[in-house]
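*Asks:* this one's structure only:
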């Protein structure tokens, strides 16, 4: 049975929170076995748990804030715009990205594709 | 050679304008031969020019306004949030959708997938 919209929304919210504030393990727990990550779209997809762990491990030590800006759900799929702010002392690196995800029946992520380029990253003074 | 970000942005802007204000022919002119449309995601993709023409023909007679809210480009791909307002006399039907598109070297659309559900349509009084 396809996951409910509620279940998909919960996974997306947990994902953004885990990417910003959690560990690589927290993020990995939201993925289904065999899941793939293409971030940004156009680069080689990461297709193993080890590759996903390495990818999310890079941002684990950063101090970040995540915000879900818009979420659209269609069947077992979601597309959402979110803002990830990385706090770097006197500066913040602000990045806005559209992620597209597919989900299994348990609302675990089976694939993630991230749409962004360098233009979507800006550095602003920390307020 | 991959299309430039500028060329992709121009196609996306023309697409939204053509969907809102143009004819089915105007929209079809932005698609590459053999392009596919899945709208909303989870429904059967439309894979022939005839099917695309039928799809866009339905909205051709409507009085609409389109606005691009956010555009993210990654290689030959785009994901964008837009608002389509259909003017129905004393009421407006407002729909916000995330579209994901792929493009050929000439920045013609080779595929479109639209992420939305009934929750993303609201009716508001015309101001």
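*Replies:* It's in. Just so we're clear, the structure is a prediction, and the values are computed from it rather than from any experiment.
*Asks:* Give me every residue in chain A lying close to chain B.
*Replies:* With the criterion set to Cβ under 8 Å from any Cβ of the partner chain, chain A comes near chain B through A:5, A:40-43, A:70, A:72-81, A:96-98, A:100, A:114-117, A:119-120. C-beta here means a position set from N, CA and C on the backbone, and glycine is covered the same way.
*Asks:* Among those, which lie within helices?
*Replies:* Assigned to helices by DSSP state H, the following of those qualify: residue A:5.
*Asks:* Emit the PyMOL select command for whichever of the residues of chain A next to chain B are buried.
*Replies:* Buried residues among these (16 or more other Cβ atoms under 10 Å in any protein chain shown), as a PyMOL selection:
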select buried, chain A and resi 5+40+41+72+73+74+75+76+77+78+79+80+81+96+97+98+100+114+115+116+120
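*Asks:* and the closest residue in space to residue A:98 that isn't next to it in sequence, what does it touch?
*Replies:* Residue nearest to residue A:98 in three dimensions, not counting chain neighbours: residue B:79, with 3.8 Å by Cβ to Cβ, 6 or more residues apart in numbering or on different chains. Counting by Cβ atoms under 8 Å, 6 or more residues apart in numbering or on different chains, residue B:79 touches A:79, A:98, A:100, A:115, B:71-72, B:98-101.
*Asks:* same deal with residue A:117?
*Replies:* Taking Cβ under 8 Å, 6+ apart, we find residue A:117 in contact with A:40, B:5, B:72-74.
*Asks:* Out of these, give me the two with the largest separation.
*Replies:* With Cβ to Cβ as the measure, no two of those lie farther apart than A:40 and B:5, at 12.7 Å.
*Asks:* dump the residue contacts of residue A:80.
*Replies:* Contact partners of residue A:80, counting by Cβ under 8 Å, 6+ apart, are A:12, A:68-72, A:98-99, A:101, B:98.
*Asks:* Check the gap between it and residue A:114 for me.
*Replies:* Applying Cβ to Cβ, to the nearest Å, the value for residue A:80 to residue A:114 is 11 Å.
*Asks:* shared neighbours, the two?
*Replies:* Contacts common to residue A:80 and residue A:114, judged by Cβ under 8 Å, 6+ apart, are A:98-99.
*Asks:* elements contacting the helix or strand that contains residue A:112?
*Replies:* According to DSSP states H and E, residue A:112 maps onto strand A:109-115. With contacts defined as 3 or more Cβ pairs under 8 Å, 6 or more residues apart in numbering or on different chains; DSSP states H and E, strand A:109-115 has these neighbours: strand A:31-38, strand A:91-103, strand B:64-74, strand B:77-88.
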